[in-house]
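**Student:** whatever this is, show me its structure:
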Amino acid sequence: MSAELFHVIATIIRRHTRDGRPVPVLRRFDPHDKVWSPPMPFLFQRKIGSTPSVISPFTVLHMLARCCEDLAERHPAFHLVKFTPHDFRRIFTTELLNSGLPIHIGATLLGHLNIQTTRGYVAVFDEDVIRHYLAHLNERRRLRPDHEYRNVTTDEWNAFEEHFDKRKVELGACGRPYGTPCQHEQACIRCPMLQVSSKMISRLDDLEADLIARRARAQAEGWGGEIEGLDLTLQLLRAKREDTQRKRTAHLSS
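**Tutor:** Have a look, this model is predicted:
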């Protein structure tokens, strides 16, 4: 933990233990699984009257909303902003990688089994990811003996160039790592590796209209499984379009 975060955690614990007793042990009800947790020293708890209780997710959301309202008085951009606790996990990850931490270490810190999951968390542009990865490689190479490196053969270089040719797709580019095949059977609109070109936003609109028409047909025919798959594709398409529009706006304003 950073010194600032450690100070915050220590302050919370000191508040719980100011009467000389340890952190109160409480049980928390899980509204999703409908079960009570075993007694645990939850960090985020408060007293309602004289009874301690765990702070609920709804209370945290309300606190964050109130903070945004207070900030909006000085910074109008916060007026319509809505934060969730999970947003701060993403911000934390972005700050780490922007500060030079290799993405695979970030994945370990977050508990992700797949590094691509971490990449989806990180709100950075591709050039930032490449810059950090190259810095990591240069540091690794500096520690290795020079005789372990050799010149690339013609066949190896041709295979390398062929890989990047195969990453060019209709909607933009595929970000899959070198030497790996497509794992999504060219279903690009569902693939997290798809990097949509800003020039293809109108094409996404066409695809959305086609999917909506197909969904209407599936609903009329009673194809429940088809509807579920189309709904997922529509959801991912709209998320990719929103992300591409956001990046284009940021690029034009920079």
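
**Student:** contacting residues around Gln45?
**Tutor:** 16, 24, 26, 52-55 (CB atoms under 8 Å, 6 or more residues apart in numbering). Just so you know, the C-beta spots here come from the backbone N, C-alpha and C atoms, and that holds for glycine as well.

**Student:** in strands only, show me those.
**Tutor:** 52-54 (DSSP state E).

**Student:** of these, select the buried ones using a PyMOL command.
**Tutor:** Restricted to buried positions by 16 or more other CB atoms under 10 Å, the PyMOL selection for the ones in strands among the contacts of Gln45 reads:
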select buried, resi 53+54
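
**Student:** in a markdown table: the ones in strands among the contacts of Gln45, plus distance to Ala187 and pLDDT.
**Tutor:** Below are the ones in strands among the contacts of Gln45 laid out as a markdown table (distance: CB to CB, whole Å; pLDDT from 0 to 100):
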| residue | distance to Ala187 | pLDDT |
| --- | --- | --- |
| Pro52 | 50 | 85 |
| Ser53 | 46 | 89 |
| Val54 | 42 | 91 |
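
**Student:** okay if I get the ones in strands among the contacts of Gln45 as JSON lines plus distance to Gln183?
**Tutor:** Output for the ones in strands among the contacts of Gln45, formatted as JSON lines (distance: CB to CB, whole Å):
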{"residue": "Pro52", "distance to Gln183": "48"}
{"residue": "Ser53", "distance to Gln183": "46"}
{"residue": "Val54", "distance to Gln183": "41"}
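
**Student:** where do the helices of the stretch 1-150 of the chain begin and end?
**Tutor:** Here the stretch 1-150 of the chain has its helices, by DSSP state H, counting those that start in this stretch, at 3-16, 57-72, 85-98, 103-110, 115-121, 126-142.

**Student:** got those helices as JSON lines, with mean neighbour count columns?
**Tutor:** Converted to JSON lines, the helices of the stretch 1-150 of the chain look like this (neighbours: other CB atoms under 10 Å):
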{"stretch": "helix 3-16", "mean neighbour count": "11"}
{"stretch": "helix 57-72", "mean neighbour count": "13"}
{"stretch": "helix 85-98", "mean neighbour count": "14"}
{"stretch": "helix 103-110", "mean neighbour count": "16"}
{"stretch": "helix 115-121", "mean neighbour count": "16"}
{"stretch": "helix 126-142", "mean neighbour count": "12"}
